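Chemist: my questions concern the predicted model and sequence given below.
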Amino acid sequence: MNELPDSFPKLFPFPFLGLVCEIPRKKRGFPLNKVYLLPALQSHFAEENFAEVRASWDEAGFFFHFFVTGEPTVGKDRRKSDSIELFFNTKGDDPRTFFTQFCHHFVLTPEAVHGAFFQEVTKFRTEETHPLFEEKEGMVDVKISPGKYWMACHIPFTALHGYQREEKSSLTFFYRINRKGASPQSLSCSHAEYDPEKTPLLWSRILCLP
């Protein structure tokens, strides 16, 4: 068997095993209760774990809390400054490898950009589209302290085109936390190997617990 050249990238097997994120229903104690903590899997694909992510849901939508280490700096390029990217696919069983009308790409920033902390930036193919969701009052809360920041975000189900929770739609999810001058933190696959905008099949499945 011929050996692979040194230039061939190291592929981590973890993303191909699949991941299910169990998200509890929102109750008293959220977000501090550890039952809401999403898995920290960065050691499986050589990323640094510098943030805690907690999630819950209720009849209105999903709630996310991000506890991030580092001084936030916001710039024109979201992936070269501090930002949080959230990806959803409300048709998670769809085998297509590009963004469809059921995919969503949201960006949160710890400082307002053009007056908003939250923006949908989904890029579709010509034949695939849905109205882009805009930030609503009370969706985002930010607190910045020396050496760290905290962000809370509410994603209403109305922002997720095609999602019917009562019909147990197949919903997949991915996050990527970017920081200026350093590598990001991802949910379920390496930033060095995969671009989440091109690999929706590798996003994690969401299971809403009662």
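Modeler: Thanks, I have the structure now.
Chemist: which residues of the chain score low on pLDDT?
Modeler: Counting by pLDDT under 70, the chain shows low-confidence ranges at 1-17, 166-169.
Chemist: quick one: the residue most central in space within it from Leu86, how far?
Modeler: Nearest to the mean C-alpha position of the chain, by CA atoms, centre = their mean, lies Tyr175 at 2.0 Å. Per CB to CB, to the nearest Å, Tyr175 is found 6 Å from Leu86. (C-beta placed from N, C-alpha, C; glycine too.)
Chemist: got it, and Glu128?
Modeler: 19 Å.
Chemist: if you count surrounding residues, which of those two has more?
Modeler: Leu86 (23 against 15; other CB atoms under 10 Å).
Chemist: now name the helix or strand holding the closest residue in space to the more buried one that isn't next to it in sequence.
Modeler: What sits nearest to Leu86 in space, not counting adjacent residues and going by CB to CB, 6 or more residues apart in numbering, is Phe106, at 4.4 Å. Using DSSP states H and E, Phe106 maps to strand 103-113.
Chemist: partner strands of that strand, parallel or antiparallel?
Modeler: Its sheet considered, strand 103-113 pairs with strand 83-89 (antiparallel), strand 116-120 (antiparallel) by DSSP bridges.
Chemist: out of these, flag the one nearest Leu202.
Modeler: Between Leu202 and the strands paired with strand 103-113, the tightest spacing by CB to CB is seen for strand 83-89, at 10.2 Å.
Chemist: for the closest one, list the C-alpha coordinates in PDB.
Modeler: The C-alpha trace of strand 83-89 is given here as PDB (Å, rounded to 0.1, in the frame of the first residue of the first chain):
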ATOM      1  CA  SER A  83     -18.800  36.400  16.300                       C
ATOM      2  CA  ILE A  84     -21.000  33.400  16.700                       C
ATOM      3  CA  GLU A  85     -22.500  31.600  13.700                       C
ATOM      4  CA  LEU A  86     -25.600  29.400  14.100                       C
ATOM      5  CA  PHE A  87     -26.700  27.000  11.300                       C
ATOM      6  CA  PHE A  88     -30.000  25.100  11.100                       C
ATOM      7  CA  ASN A  89     -31.500  22.800   8.600                       C
END
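Chemist: that older thread, contact partners for the residue nearest to the centre of the chain?
Modeler: Taking CB atoms under 8 Å, 6 or more residues apart in numbering, we find Tyr175 in contact with Val53, Ile84, Glu85, Leu86, Phe87, Ser186, Leu187.
Chemist: and the first one, how many residues sit next to it?
Modeler: By other CB under 10 Å, the residues close to Val53 number 21.
Chemist: ignoring the adjacent residues along the chain, who's closest to it?
Modeler: Leu38 (4.6 Å).
Chemist: isn't the one you found right up against Ser56?
Modeler: No - using CB atoms under 8 Å, Leu38 is not in contact with Ser56, being 10.6 Å away.
Chemist: and the strands in this structure?
Modeler: 20-23, 51-58, 61-69, 83-89, 103-113, 116-120, 140-145, 148-156, 172-179, 182-186, 204-208 (DSSP state E).
Chemist: Leu132: which of these is closest?
Modeler: Using CB to CB, the nearest of those to Leu132 is strand 116-120, at 4.3 Å.
Chemist: the inter-axis angle of the closest one versus strand 148-156?
Modeler: 50 degrees (axes from the mean of the first three to the mean of the last three CA atoms, to 10 degrees).
Chemist: thank you kindly, that will do.
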